[in-house]
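1. structure for this input, please:
(one chain, ligands or ions: 4)
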Amino acid sequence: MPSHKVTCPLCEAMCGVHVTVSDGHVQGIRANPDDVWSRGHICPKGVSLGHLHEDPDRLRQPMVRRPDGTHVAVSWDDALAETERVLRPVLDTDGAGALSVYVGNPVAHNSHLATYIGALIGFAEAAGMKGYYSPGTVDQWPLNVVSTLLFGGMWNGPIPDLYRTDHLVILGANPAASQGSMLSAPDIMGLLTGVAQRGRVVVVDPRRTPTAQRASEWVPIQPGTDALLLFAILRTLAENGWVRHPEHLRGKVAGLDEIIAMAEPFVPEKVAVTTGIDARTIRRLAADLAQAENPVLYSRIGTCTQEFGTLATWLVFVINTALGVLDRPGGSVFPKPAVWAPMFAKPPDQDGSGWQFGRYRSRVRRAPEVLNSFPVGCLAEEIDTPGEGRLRALITVAGNPAVSAPGAGRLSAALGRLDALIAVDNWLNETTRHAHVILPGSSPLELPHFDDLYWMYSVASCIKYSEPVFEPEPQRPPEWELLLRLGGAMFGTPVPEVDTAALDDLYVGGMVATMSAIPGNPLTGRDAGQVMPALAGKGPERLMDLGIRVGPWGDQLGDRPGGLTLSEVRQHPDGLRLAELEGGRLETSVTTPSGKVELLHDHLISDIPRLLSRMERGTPELVLISRRHLRSNNSWLHNVPALMKGRDRCTLLIHPVDAARVGLESGAMANVATSEGAVTVAAEVTDEVKPGVVSLPHGWGHGLDGTQLTTANRHPGINNNLLNPTDVIDVPSNTHAINGIPCHVSPA
Ligand SMILES: Nc1nc2c(c(=O)[nH]1)N[C@H]1C(S)=C(S)[C@@H](COP(=O)(O)OP(=O)(O)OC[C@H]3O[C@@H](n4cnc5c(=O)[nH]c(N)nc54)[C@H](O)[C@@H]3O)O[C@H]1N2
Ligand SMILES: Nc1nc2c(c(=O)[nH]1)N[C@H]1C(S)=C(S)[C@@H](COP(=O)(O)OP(=O)(O)OC[C@H]3O[C@@H](n4cnc5c(=O)[nH]c(N)nc54)[C@H](O)[C@@H]3O)O[C@H]1N2
Ligand code: SF4
Ligand SMILES: [Mo]
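-> Ligands and ions are numbered 1, 2, ... in the order given. Reported below is the predicted structural model:
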């Protein structure tokens with residue numbers, strides 16, 4: 001049976017898998033032990049890739065919405081004509097300012113979408129669109145803000161050296177489920193076991209997650225209070241003279257002493273009350289860090305999507321610096337990605353004085369733009385609030401905001417009121433059921449796979465390209481062409497008539513010209529007229545070739561003969577492993593105006609008074625947090641039967657003490673209510689959550705009218721974003737707090 005080696009596109013772990021095919025169907029999927037990166041690791045989601053490809057509900061044809069609200073499959077010509085019919089009146093009367101784009105999570109894992117989403121956004125912005133939306137503001141936006149300010153780029157920053165650290169503190173991440181996030185590692189739980197054997201793994205989390213169960217220590221924390229804990233740890237380090245000033249950082253970091261002075265009010269005894277972690281433990285956590293040879297802190301979504309996400313994320317880097325482990329093997333190190341992508345460059349309007357925020361504001365709540373985005377929870381009000389500048393058209397690209405955005409109830413209703421909703425998506429789900437037109441792309445096995453973003457955060461420098469397992473259906477336009485077509489329509493060309501080849505040249509040529517004028521990236525100073533002819537192919541392959549060739553191992557577009565090109569990489573189906581993590585990369589990685597790691601910024605420290613006032617406030621009796629499971633992937637893998645076996649995962653975790661107080665037993669139905677809404681869900685009584693904390697998984701709430709998800713609709717679960725309000729925001733980053741939301745629980 002023919003066997004194909006591909007990279008699993010489902011998460012940031014980028015595992016290599018073998019796909020065996022017979023009669024045009026997937027026969028089996030197993031780990032590829034020869035993959036230079038993953039070396040035989042795989043998880044249950046990877047094994048299910050075939051189901052995803054074969055899923056009868058996966059759209060193979062475009063769909064349009066009929067006046068009665070149902071969807072019907074149509075030809076591509078009809079779908080493009082319908083797209084034009086609904087989009088044009090909005091663009092003609094109100095311009096592209098009445099339109100926005102929602103960029104969903106799979107965009108980052110799909111080589112066609114990842115390379116061309118910039119074309120859609122770029123053309124729409126040039127035509128007048130103000131900002132775009134993405135789940136970034138319910139995810140990693142605090143990290144992007146902090147990375148921008150400290151290291152010079154929103155996707156630029158160090159990761160923990162999992163191979164060498166002997167003391168890892170994990171805050172707000174559950175790699176046992178997620179397999180690592182903004183930290184790509186093959187078999188990350190295996191690596192964590194190695195750390196624990198060398199020393200200690202400490203997990204700070206309101207829930208004793210499967211990661212915490214396998215760690216040396218679980219530190220339960222009151223949701224939303226990590227910044228208080230971290231300031232108290234910093235203060236303890238300073239008070240005891242444990243701050244290290246290693247030679248290798250001399251003159252390369254600015255602001256540490258000033259920040260240490262700001263830690264003064266965060267006395268462990270005071271912080272203990274709010275964090276729920278006693279002062280002795282806080283002091284001991286600091287002492288353990290100080291005594292370890294190679295200590296390092298790592299934080300992720302639980303410390304981002306909370307009331308003080310930016311300060312917490314920032315303090316992780318501040319403490320890594322105070323411990324002297326920044327840019328040092330075993331500590332917090334800068335990966336050396338083999339591929340360069342334009343998204344890593346500084347935008348042209350961010351001049352030498354550094355990054356600017358709040359360059360424009362949202363219409364309804366006047367939220368300042370942060371890295372070109374408003375909080376995704378603004379989307380509903382921008383659509384349903386009358387007045388000039390109202391959002392009338394939306395293009396969603398591989399996104400399901402009706403499930404994934406806070407205030408999901410109002411958003412879902414608002415989506416139904418758009419004059420034009422165009423969804424580039426493969427399923428008829430909670431969001432796309434509102435779409436006027438659904439334009440489906442390829443299955444993951446019909447696409448070439450190539451990562452760029454995740455290699456920025458990976459524990460080794462590798463490069464991989466996988467050929468599609470199946471030929472895409474010939475009549476179906478590739479997704480990158482669809483994005484160009486929609487982008488081209490912004491300037492008045494009817495959607496069906498857009499010349500995508502010409503626009504492709506305009507996009508790539510324009511990008512090369514722009515990048516060549518920005519200092520500090522591999523295209524700086526290059527002549528676009530010479531770069532363009534040197535690149536092979538068209539579409540995504542051309543951009544991949546560019547990224548590889550100007551990357552650190554590339555042939556520099558012919559200047560370094562023998563260097564890597566896309567065609568060379570394609571000769572290595574098991575990938576190329578080019579380098580291991582090392583220290584001493586700060587000077588090449590950091591792109592701040594001063595060239596130093598700039599720890600201190602008004603944008604960050606102006607949020608400290610808000611944090612201080614948190615200590616004056618009491619703690620609600622019960623707060624809600626989110627969770628993930630290994631066998632789910634945000635909202636869209638619940639249609640895979642193999643992943644839905646076993647007991648119901650969409651349950652409310654509640655501590656026995658709380659359950660007894662409110663009168664609930666395991667399996668009983670509970671009402672959960674917040675300021676935003678209410679749901680009814682089965683309770684699961686367990687001491688794995690801290691008392692005072694309840695947890696619901698995200699990505700559920702299927703079974704809605706007008707959707708076509710046979711398996712998911714049989715296991716609908718509830719949408720926890722019906723409960724998350726849109727107005728609890730981490731101010732410096734525009735990120736929604738979806739952890740630590742006050743709630744009321746009672747028997748249903
Ligand atoms: N199987 C699977 N893998 C995935 C995904 C998936 O849905 N399923 N999604 C992918 C995506 S898009 C992302 S962004 C990543 C996310 O990857 P992770 O960041 O590892 O995400 P979670 O598993 O949600 O873990 C977040 C943890 O934060 C904890 N937490 C909640 N509030 C707080 C708090 O206030 N303080 C602290 N310290 N902890 C808190 C939660 O209890 C939870 O254990 O995973 C990716 N990988
Ligand atoms: N309460 C709560 N809310 C959360 C989170 C949380 O932890 N708690 N996590 C947040 C995070 S980290 C994220 S990343 C978001 C996810 O938010 P979204 O990106 O909005 O949602 P997904 O569930 O990833 O939906 C992916 C969509 O892409 C489609 N799709 C899948 N593959 C392809 C493809 O190859 N091509 C195309 N065109 N479409 C495809 C699917 O059908 C689905 O509609 O949710 C966020 N929301
Ligand atoms: S961990 Fe699982 S989902 Fe992630 S890349 Fe590997 S096989 Fe795919
Ligand atoms: Mo995410």
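2. OK, contacts around Ile233?
-> Ile282, Leu285, Ala286, Leu289, Ile319 (Cβ atoms under 8 Å, 6 or more residues apart in numbering). C-beta: built from backbone N, CA, C; applies to glycine.
3. which of the residues you listed are close to ligand 1?
-> Among the contacts of Ile233, no residue lies close to ligand 1 (Cβ under 6 Å from any ligand atom).
4. nearest to Asp384, of those residues?
-> Ile319 (42.9 Å; Cβ to Cβ).
5. and the closest one, how far is that from ligand 1?
-> 14 Å (Cβ to the nearest ligand atom, to the nearest Å).
6. I'd say that residue and Leu297 touch.
-> Yes. Between Ile319 and Leu297 a contact is recorded at 5.6 Å, counting by Cβ atoms under 8 Å.
7. around ligand 2, pick out the residues from this protein.
-> 104-106, 110, 135, 138-139, 301, 398-401, 404, 424-427, 429, 431, 441, 479, 626, 634-636, 698-699, 720-721, 724, 738.
8. so which of those residues sit within strands?
-> Val424, Ser626 (DSSP state E).
9. please pick the buried ones from the residues of the chain next to ligand 2.
-> In the residues of the chain next to ligand 2, burial by neighbour count holds for 104-106, 110, 135, 138-139, 301, 398-401, 404, 424-427, 429, 431, 441, 479, 626, 634-636, 698-699, 720-721, 724, 738, counting by 16 or more other Cβ atoms under 10 Å.
10. which of those residues fall within helices?
-> If you go by DSSP state H, those have Ile301, Pro401, Ser404, Glu479 in helices.
11. if I've got this straight, Trp218 is in a strand?
-> Yes. Looking at Trp218 with DSSP: H, G, I helix; E, B strand; the rest coil, it is inside a strand.
12. run a quick neighbour tally on it.
-> By the other Cβ atoms under 10 Å criterion, the neighbourhood of Trp218 contains 19 residues.
13. residues contacting it?
-> Contacts of Trp218 were listed using Cβ under 8 Å, 6+ apart, and they are Val202, Val203, Asp205, Arg208, Ala212.
14. try 10 Å
-> In this structure, Trp218 makes contact with Val201, Val202, Val203, Val204, Asp205, Arg207, Arg208, Thr209, Thr211, Ala212, Glu688, Lys690, judged by Cβ atoms under 10 Å, 6 or more residues apart in numbering.
15. could you export the residues you listed as CSV, including pLDDT and secondary structure?
-> Formatted as CSV, the contacts of Trp218 follow (pLDDT from 0 to 100; DSSP: H, G, I helix; E, B strand; the rest coil):
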residue, pLDDT, secondary structure
Val201, 98, strand
Val202, 98, strand
Val203, 99, strand
Val204, 99, strand
Asp205, 99, coil
Arg207, 98, strand
Arg208, 98, coil
Thr209, 98, coil
Thr211, 98, helix
Ala212, 98, helix
Glu688, 98, coil
Lys690, 98, coil
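16. restrict those residues to those near ligand 1?
-> Among these, the ones lying near ligand 1 by Cβ under 6 Å from any ligand atom are Val204, Asp205, Arg207, Thr209.
17. okay, now Leu506: neighbour count?
-> 16.
18. right, I mislabeled it, should have said Pro329
-> 16.
19. name the nearest residue to it, sequence neighbours excluded.
-> Of all residues not flanking Pro329 in the chain, Gly583 sits nearest, at 4.6 Å (Cβ to Cβ, 6 or more residues apart in numbering).
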